[in-house]
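>>> Generate coordinates for the sequence data below:
(2 chains)
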There are 2 protein chains.
Amino acid sequence: MTDSEAPGKAPGSEAPPKAPDSSRRSERSRRAIYAAALDLVSENGYARTTVEGIASRAGVGKQTIYRWWPVNSKPAVLMEAFLDLAEQANEALGGDAGSEIPDTGDLAADLKLVLRATVDELNDPAFDRPTRALAAEGVVDPALGAEFTARLLEPQLQQYVRRIEAAQAAGDVDPAVDPRIALELLVGPLHHRWLHRTLPLTHAYADTLVDYALRGLGTRP
Amino acid sequence: MTDSEAPGKAPGSEAPPKAPDSSRRSERSRRAIYAAALDLVSENGYARTTVEGIASRAGVGKQTIYRWWPVNSKPAVLMEAFLDLAEQANEALGGDAGSEIPDTGDLAADLKLVLRATVDELNDPAFDRPTRALAAEGVVDPALGAEFTARLLEPQLQQYVRRIEAAQAAGDVDPAVDPRIALELLVGPLHHRWLHRTLPLTHAYADTLVDYALRGLGTRP
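Okay, here's the model as predicted:
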């Protein structure tokens, strides 16, 4: 391959379309770089992963990485690898990158579907290992943590906001409830179990969270 | 000081009581070791903190640490430093080491009191910095994560379990609710904001979590 070709979705892809052969080679290199980056983060942690290591594992020259991700190369290529991982996870659920939480009119059923899928994702080593390493680094590195939250986490949380707003419009959720806080009663417990390894993440657990959050813990008057 | 004196609460303290002077010296060394351990974990992370570094910062011989914590010295001394930190935080709240969540008969008020105190703790750099470093290491190191959870986190969570059980006995919480899951609707969101740095941790947020968890998000029938 030639190092100067920009990958399909990387920064700089505003360049005119390449001939099919060179595009395929670039796409293959881009995928190899993402896979190598996620592997190395899983194996060695975020801090010890280097551009040189990623290039070597991916079988590309390190100048390819520096050329495609010229600014803050290491965090830039890693963030893109994680965004791609999230996109793949989303596609595996039958959605696409920007897919919304389904709205069948049954809020509990829709939330259970999404939380069960999140449980499956967090239990899948291909997702768990690199994401756990990224989260751990974000916990102690404020700048990385802020970027992780802004680019990966918050866009997912906003899907919950929109679904809860729709439920408010439909009369299923108290209009006085703040959707941005409400979603944390669902997502917060899942992350707590995942990050702190307290108890198993199961579909039954996901269902129970939805039931408790929607109905509340108190006895009915 | 002589290296052979065991500190007041360290393993090996079954030895006969020492003369007051040597006990005071031991206690002073023990506190210096805890403080040094937490400082170094805050500054350098858990993985890069060493017994030698702790001893040097505390102004004691490293043999003191190896003698007082002979098995798995580094994780042992660090875990004890964190247990001591949690105990101090508890005492600062006016409780003691094994103190329970208050039971005034008003579940919402009692939970808000505890969650507000947790917010203050997570916003206090003396608690936040080392605890964040420990949590980050637990996220990627399953053995350490399991010990962190078993010795530090789960005992705190069990205080919520007991308070919720009391509320069930008093008729304030649905008896069908599983208290061990219910508490996660309170604690999970707090940790999510803390670890992922999404939005500020405030008393108003703590209060809202309690209100949403107890009353539920749904509209009343």
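>>> got the domain boundaries for chain A?
For chain A, automatic domain parsing gives the domain ranges A:1-71, A:100-215.
>>> The shortest one - what's its average pLDDT?
Right, the one you point to is domain A:1-71. Model confidence over domain A:1-71 averages 81 on the pLDDT scale.
>>> Would it count as contacting chain B?
Yes: counting by Cβ under 8 Å from any Cβ of the partner chain, contacts between domain A:1-71 and chain B involve residue A:45. From N, CA and C alone the C-beta is placed, and that goes for glycine too.
>>> quick one, phi psi at the closest residue to chain B within chain A?
Relative to chain B, the nearest point of chain A is residue A:216 (2.6 Å; Cβ to the nearest Cβ). Main-chain torsions, residue A:216, degrees, to the nearest 10: phi 80, psi 160.
>>> Pull the contacting residues for the residue nearest to it when sequence neighbours are not counted.
Leaving aside its chain neighbours, residue A:216 sits nearest to residue B:216 (2.6 Å; criterion: Cβ to Cβ, 6 or more residues apart in numbering or on different chains). By Cβ atoms under 8 Å, 6 or more residues apart in numbering or on different chains, residue B:216 lies in contact with A:212, A:213, A:214, A:215, A:216, A:217, A:218.
>>> Inside strands: which ones of those?
Residues of these located in strands (DSSP state E): none.
>>> Now name the helix or strand holding the nearest residue to residue A:148 once chain neighbours are set aside.
Counting by Cβ to Cβ, 6+ apart, residue A:138 is the residue found nearest to residue A:148 once chain neighbours are left out, at 4.3 Å. Using DSSP states H and E, residue A:138 sits within helix A:125-140.
>>> who are the neighbours of that helix, in terms of helices and strands?
helix A:20-44, helix A:73-92, helix A:107-122, helix A:142-148, helix A:184-196, helix B:125-140, helix B:184-196 (3 or more Cβ pairs under 8 Å, 6 or more residues apart in numbering or on different chains; DSSP states H and E).
>>> got the angle between that helix and helix A:184-196?
100 degrees (axes from the mean of the first three to the mean of the last three Cα atoms, to 10 degrees).
>>> Okay, buried residues for helix A:125-140 please.
A:127, A:129-140 (16 or more other Cβ atoms under 10 Å in any protein chain shown).
>>> which one of the contacts of residue B:216 has the most neighbours?
For the contacts of residue B:216, the largest number of neighbours (other Cβ atoms under 10 Å in any protein chain shown) sits with residue A:217, at 26 neighbours.
>>> I'd say it and residue B:213 touch.
Yes: if you go by Cβ atoms under 8 Å, residue A:217 and residue B:213 touch, sitting 5.8 Å apart.
>>> What about the contacts of residue B:216, which are in helices?
A:212, A:213, A:214, A:215 (DSSP state H).
>>> Return the residues in contact with the last one.
By Cβ under 8 Å, 6+ apart, the contact list for residue A:215 reads B:216, B:218.
>>> Count residues in the vicinity of residue A:191, would you?
21.
>>> nearest residue to residue A:145 other than its sequence neighbours?
Using Cβ to Cβ, 6+ apart, the closest residue to residue A:145 is residue A:138 (3.4 Å).
>>> From residue A:103, how far out is the most centrally placed residue in chain A?
Closest residue to the average C-alpha location of chain A: residue A:86 at 3.7 Å, with Cα atoms, centre = their mean. In this view, residue A:86 and residue A:103 are 21 Å apart by Cβ to Cβ, to the nearest Å.
>>> what do you get for residue A:202?
25 Å.
>>> go on, residue A:78?
34 Å.
>>> higher neighbour count, those two?
residue A:78 (27 against 13).
>>> Quick check: the more buried one touching residue A:41?
Yes: Residue A:78 is in contact with residue A:41 according to Cβ under 8 Å; the separation is 6.7 Å.
>>> ok, residue A:49 - contacts?
Residue A:49 is in contact with A:37, A:40, A:41, A:74, A:78, counting by Cβ under 8 Å, 6+ apart.
>>> and the first one, how many neighbours does it have?
Neighbourhood size, residue A:37 [other Cβ under 10 Å]: 28.
>>> Can you report how many residues lie near the nearest residue to it once chain neighbours are set aside?
Excluding the flanking residues, the one nearest residue A:37 by Cβ to Cβ, 6+ apart is residue A:81, at 4.2 Å. Using other Cβ under 10 Å, residue A:81 is surrounded by 24 other residues.
>>> isn't residue A:116 right next to residue A:203, touching?
Yes: the pair residue A:116 / residue A:203 is scored as a contact, 4.7 Å apart, by Cβ under 8 Å.
>>> which of the two has more neighbours?
residue A:116 (18 against 13).
>>> returning to that earlier point: find residues that contact each of residue A:78 and residue A:41.
A:49, A:134.
>>> follow-up on the earlier one: pretty sure the residue nearest to residue A:145 sits against residue B:196.
Yes: assessed by Cβ under 8 Å, residue A:138 is found in contact with residue B:196 at 6.9 Å.
>>> residues shared between the contacts of these two?
A:145, A:148, A:149.
>>> out of those, who has the most neighbours?
That'd be residue A:148 among the shared contacts of residue A:138 and residue B:196, by other Cβ under 10 Å, with 25 neighbours.
>>> Report the contact partners of that residue.
A:79, A:82, A:134, A:135, A:138, B:196 are the contacts of residue A:148 under Cβ under 8 Å, 6+ apart.
>>> got a pLDDT number for it?
So residue A:148 comes in at 91 (pLDDT).
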